[in-house]
Structure formats: C-alpha cells, structure tokens
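>>> Sequence first, then the predicted structure:
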Amino acid sequence: MIFNLFAKADSNPRAGEIGFEELRQVVESDASAIVDVREPHEFAGGHIAGAVNLPLSQFDPARLPKGRPLVIHCQSGMRSAAALSQTLKAGISDVRHYAGGMKDWRARGGAIVK
C-alpha cells in the first residue's frame, strides 16, 4: 500500500524525500495532502491537482493539513527543504519532500492544473 512511502522521517531532510513515481502514485490515489510552498502567483500558474498553497514566506507548520501524511514541494526543492525542516522541528514526522519540485514534475509530464 502507498502509505508505506510515509514511514516516519527523521531529522535528516534526505530521509524525507519522495521521488516522481511515488508522488505520481500518491496523487492518483489521494493518499496524502500535497503542500505547495511556492508563492501564490507561482501556484496560480500551475500546480499539482489537490495541492494546497502555504507559501514559505508565511509558512507555519501549525497550518498544515492534519490527519493525513504530507508531501511538501516547491519549484526546485530549496524552499520545500526549508519547510520540511521546520515541519520536522515542529514534531510532525509523517511528511515527505519532493526535492525535484514543479520543475521536475513538469519535465516528467506530471499533470498540472490552473
């Protein structure tokens, strides 16, 4: 089952990464909450279906969706790595980071909605 992709992450951000195929499966099955930490204008230009926008510039782990595993991403992985670190420090461990971000998602043909 897909939830095994969300074994608890530790404080090492690389331990919390998820790859394209895993994320594609998660999106198709609605197995987690997808959190896009890009700015609103970037999000409006295209995002992963079902994603919620919580910009890193205003990021607060307390505002993350509750009750489901999380996947955090941005444009190229830098902002989402910072958000992952903040999330782990807040004691939330059922979280993954899509390091390739929207740049990788688009390049691999991942579905985008506007």
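Yep, that arrived.
>>> Going by C-alpha atoms from here, please, whenever you check contacts or count neighbours.
Noted.
>>> Please identify the buried residues of the longest helix seen in the chain?
Counting by DSSP state H, the longest helix found in the chain is helix 78-89. Under the neighbour-count criterion of 16 or more other Cα atoms under 10 Å, helix 78-89 has 79, 80, 81, 82, 83, 84, 85, 87, 88 buried.
>>> what about residue 67, how many residues close to it?
Residue 67 is surrounded by 9 other residues when neighbours are defined as other Cα atoms under 10 Å.
>>> same deal with residue 58?
Residue neighbour count, defined by other Cα under 10 Å, stands at 9 for residue 58.
>>> One more: residue 45?
10.
>>> what sits against the spatially closest residue to residue 19 that is not a sequence neighbour?
In space, not counting the residues next to it along the chain, residue 19 is nearest to residue 98; the distance is 6.3 Å by Cα to Cα, 6 or more residues apart in numbering. Residue 98 sits next to 17, 18, 19, 20, 23, 71, 72, 73, 74, 77, 80 when contact means Cα atoms under 8 Å, 6 or more residues apart in numbering.
>>> Just the ones of those residues in helices?
Among the contacts of residue 98, the members that lie in helices (by DSSP H) are 20, 23, 80.
>>> among the contacts of residue 98, which ones are buried?
17, 18, 20, 23, 71, 72, 73, 74, 77, 80.
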